[in-house]
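Asker: Any chance you could fold what I've pasted below:
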Amino acid sequence: MPSPGNQSPENRRIDWMGITRILLVQVLVLLALSWAFIRYVDWSSDQAWAEFSAADKTAAPAARSHPPSPTPLRTVRDRAPCRIRI
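Answerer: Okay, here's the model as predicted:
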């Protein structure tokens, strides 16, 4: 088999079957990675929602059991409120 560098222009051919196989493999890898990414995002959002729901259920009774603080919030004296300049 002659080396590729010594081929004459008349004998050079494009390997369309090889190009097609490479493109097919690239498309399949892209689809597999896309599917894996979508599944991961779906799974992680389900986990986050479950954690959020569980935290909301456990925090609600604890928040109701504590009465509000008897000391009022302090206000800043001798300060004018900030005005927004347009």
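Asker: and residue 44, how far is that from residue 36?
Answerer: 12 Å (Cβ to Cβ, to the nearest Å). For every residue, glycine as well, the C-beta is placed using N, CA and C.
Asker: Next: residue 13.
Answerer: As judged by Cβ to Cβ, residue 13 and residue 36 stand 37 Å apart.
Asker: Between those two, point out the one with more neighbours.
Answerer: residue 36 (10 against 7; other Cβ atoms under 10 Å).
Asker: tell me the pLDDT at that one?
Answerer: For residue 36, the model assigns a pLDDT of 97.
Asker: now residue 50
Answerer: For residue 50, the predicted pLDDT is 88.
Asker: For it, the count of nearby residues, please.
Answerer: Count around residue 50 with other Cβ under 10 Å applied: 10.
Asker: Kindly report the same for residue 30.
Answerer: Residues near residue 30, counting by other Cβ under 10 Å: 10.
Asker: What is the helix or strand containing it packed up against?
Answerer: Residue 30 belongs to helix 16-65 when assigned by DSSP states H and E. Contacts defined by 3 or more Cβ pairs under 8 Å, 6 or more residues apart in numbering; DSSP states H and E place helix 16-65 against no helix or strand at all.
Asker: got the phi/psi numbers for residue 13?
Answerer: Phi and psi for residue 13, reported as degrees, to the nearest 10, are phi -130, psi 150.
Asker: Since that was my last question, I'll sign off now.
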